[in-house]
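Q: coordinates only, sequence not included:
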């Protein structure tokens, strides 16, 4: 057996053992398989390692309906997944809307929505995704280009709720060498389309960095993400503790002239308490408050959070801040609220 295939199987097996330890009983684990090489590698490893670990192994493939022949291709992928021994196998269809950020973000949110629904429908304990070390490096570079904070630069988590990414420590080259024999690999044309930022990073930016700075750039970026994730987790923990001290659920008494007088539903945040917090903690609370009010996380930028922060630390009676998702942050006296426009 090839070394890449062993590496992929070991990585998948470690996550299966973790799922079993958490569930304490036989569990169903699904592989999300697009028909691309990376997801075939994770599906193939699950088909072998699942039964060995005492895990039921199934799969889901998503038809985005964005290209001609996508439904037929999804059916073909499903048939091949079944031939690997995965059961259940389901094709789920998704409609990608036009509202809410760029096309990549909209497709990603729609895909996770239907994958989550499928996992819940089947009672799955986990869904395995095929993201690699190279995908992680691309995510970090995209975050740097946006001027993102530590949480975005921390990249993708190896474990997030139902989702597991067992291949984040393995290069795309290794993973693609572990594709099971006999399957038909489909390359999404969007992955090579320079209209998409991730495609430009993959095919133009990272190769230049590797050429000019030497090999190992992708691995270094992935290590940076891992280090930043530990820091971000610690700051999130501090922010969660501080949230109670700054939140008021009863009527807020304005401490000063009332500039924005519209009353918005939801919690009230005390700007006096917020202003006394370190910026990194305060910005996390403000971002979390905006998301809780309905802002799409992927559309909420650092610039948005900074503008809301000005209502806290640079208050001059200015009007509220309009945020993605038709949400507005308003301040009245000491009270900061988030609610619909």
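A: Here it is on my side, so go on. Everything numeric here is computed off the predicted structure, so don't read it as measured data.

Q: where in this structure is pLDDT low?
A: Low-confidence segments of the chain (pLDDT under 70): 1, 66, 97-103, 250-265.

Q: tell me the domain ranges of this protein?
A: Domain ranges of the chain: 4-136+149-187, 249-253+262-340, per the TED database.

Q: So which of these is nearest residue 233?
A: Each of the domains of the chain has some distance to residue 233 by C-beta to C-beta; the shortest is domain 4-136+149-187, at 8.3 Å. Glycine gets a C-beta too; all of them are placed from N, C-alpha and C.

Q: Kindly check the end-to-end length of the closest one for me.
A: Domain 4-136+149-187 has its terminal residues 20 Å apart, counting by C-alpha to C-alpha, to the nearest Å.

Q: how many neighbours does residue 120 have?
A: 10 (other C-beta atoms under 10 Å).

Q: Can you tell me the element it falls in?
A: helix 103-122 (DSSP states H and E).

Q: tell me what the next helix or strand after that helix is packed against?
A: Next helix or strand after helix 103-122 toward the C-terminus (DSSP H and E): strand 126-128. Secondary-structure packing of strand 126-128 (3 or more C-beta pairs under 8 Å, 6 or more residues apart in numbering; DSSP states H and E): helix 3-23, strand 28-32, helix 37-53, helix 103-122, strand 163-164.

Q: Looking at those, which is nearest to residue 270?
A: helix 103-122 (32.3 Å).

Q: if we look at the closest one, which residues are touching it?
A: For helix 103-122, the external contacting residues (C-beta atoms under 8 Å, 6 or more residues apart in numbering) are 28, 30, 32, 58, 60, 62, 64, 66, 88, 90, 92-100, 124, 126-127, 162-163, 196-198, 296, 298-299.

Q: Show the buried residues in those.
A: 28, 30, 32, 58, 60, 62, 64, 88, 90, 92, 94, 124, 126-127, 162-163, 197-198, 296, 298-299 (16 or more other C-beta atoms under 10 Å).

Q: Can you name the residues that contact the residue nearest to the spatial centre of the chain?
A: Taking C-alpha atoms, centre = their mean, the centroid of the chain lies closest to residue 156, which sits 6.0 Å from it. By C-beta under 8 Å, 6+ apart, the residues touching residue 156 are 131, 135, 136, 139, 165, 168, 225.

Q: who touches the first one in this structure?
A: With contacts taken as C-beta under 8 Å, 6+ apart, residue 131 has the following neighbours: 38, 156, 165, 167, 168.

Q: Which one of these is nearest to residue 324?
A: Once C-beta to C-beta is applied, the member of those that ends up nearest residue 324 is residue 156, at 21.3 Å.

Q: Could I get the helices and strands packed on strand 126-128 in JSON lines, plus columns for distance to residue 73?
A: Below are these laid out as JSON lines (distance: least, C-beta to C-beta, whole Å):
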{"stretch": "helix 3-23", "distance to residue 73": "23"}
{"stretch": "strand 28-32", "distance to residue 73": "15"}
{"stretch": "helix 37-53", "distance to residue 73": "13"}
{"stretch": "helix 103-122", "distance to residue 73": "15"}
{"stretch": "strand 163-164", "distance to residue 73": "23"}
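
Q: among those, which is nearest residue 267?
A: Of the helices and strands packed on strand 126-128, nearest to residue 267 by C-beta to C-beta is helix 103-122, at 24.9 Å.

Q: Mind listing what's buried along that closest one?
A: Within helix 103-122, judged by 16+ other C-beta under 10 Å, the buried ones are 104, 106, 107, 109, 110, 111, 112, 114, 115, 118, 119, 122.

Q: between those, which is nearest residue 311?
A: residue 109 (27.8 Å).

Q: separation between that closest one and residue 236?
A: From residue 109 over to residue 236 the distance is 22 Å, taken as C-beta to C-beta, to the nearest Å.

Q: what does residue 173 give?
A: 33 Å.

Q: remind me, longest strand of this structure?
A: strand 56-63 (DSSP state E).

Q: now that one, how far from the centre of its chain.
A: How far strand 56-63 lies from its chain's middle: 19 Å, per C-alpha atoms, centre = their mean, to the nearest Å.
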